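In: Any chance you could fold what I've pasted below:
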Amino acid sequence: MPRTPSSPLLLAGLLAGAAVAHAALPKQFDAVVPRALPGTPRQWTYASGAAELALAAGVAHPRTRRVAALATAAFFVGVFPANVKMAADARRRSPALRAVAVARLPLQVPLVLWARSVSRSGRDGSV
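Out: Next comes the predicted model:
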């Protein structure tokens with residue numbers, strides 16, 4: 001991922017957009033919450049959306065960017081089981097939905113690397 005001054009803001013925008021999606025379309029996110037987690041899927045959906053919003057704010061602000069970007073990388077690793085569950089559940093869906101669910105799995109790697117890259121950038125977003 002190229003390190004440009006806009007990378008932190010793009011990452012923040014991605015996180016904020018995901019947070020809004022969690023609030024606007026919670027049912028879709030509820031379906032991928034691993035059953036082994038305590039509480040209800042809706043609690044996890046809203047909690048992860050709130051976390052994404054907090055991470056977005058942290059990544060957007062230069063003073064908190066480094067720590068927030070590292071936390072974002074950890075968050076992307078932490079939500080990977082939901083993507084695995086989505087791919088497993090998609091086995092019973094259409095070939096197109098299966099393909100999308102499986103294709104999402106390796107996309108976590110560039111997201112983690114992007115967040116780590118942002119954590120290493122300067123306060124202004126430069127290297």
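In: So which residue is smack in the middle of this structure?
Out: Centroid check for the chain by CA atoms, centre = their mean gives residue 76 as the closest residue, at 4.9 Å.
In: how close does that one get to residue 40?
Out: Between residue 76 and residue 40 the computed distance is 23 Å (CB to CB, to the nearest Å). C-betas here are computed from N, CA, C, even on glycine.
In: repeat for residue 80
Out: Distance from residue 80 to residue 40, by CB to CB: 21 Å.
In: Those two: which is more packed in?
Out: residue 80 (16 against 11; other CB atoms under 10 Å).
In: dump the residue contacts of that one.
Out: With contacts defined as CB atoms under 8 Å, 6 or more residues apart in numbering, residue 80 is in contact with 105, 108.
In: how close does it get to residue 62?
Out: From residue 80 to residue 62 the distance is 28 Å (CB to CB).
In: With residue 69 instead?
Out: Taken as CB to CB, the span from residue 69 to residue 62 is 11 Å.
In: which of those two has more neighbours?
Out: The neighbour comparison of residue 69 against residue 62 (other CB under 10 Å) goes to residue 69, with 25 against 13.
In: how far is the strand or helix carrying that one from where the chain is centred?
Out: Assessed by DSSP states H and E, residue 69 sits inside helix 65-78. From the chain centre to the centre of helix 65-78 is a distance of 9 Å (CA atoms, centre = their mean, to the nearest Å).
In: helix or strand right after it?
Out: Defined by DSSP H and E, the subsequent element after helix 65-78 is helix 80-89.
In: Just the buried residues of the very next helix or strand once past that following helix, please?
Out: Downstream of helix 80-89, the first helix or strand assigned by DSSP H and E is helix 95-120. Within helix 95-120, the residues that count as buried by 16 or more other CB atoms under 10 Å are 101, 104, 111, 112, 114, 115, 116, 117, 118, 119.
In: what angle sits between the lowest-mean-pLDDT helix or strand in the chain and helix 95-120?
Out: Every helix and strand in the chain was compared by mean pLDDT, DSSP states H and E; the lowest is helix 80-89, with a mean of 90. Interaxial angle, helix 80-89 versus helix 95-120 (axes from the mean of the first three to the mean of the last three CA atoms, to 10 degrees): 170 degrees.
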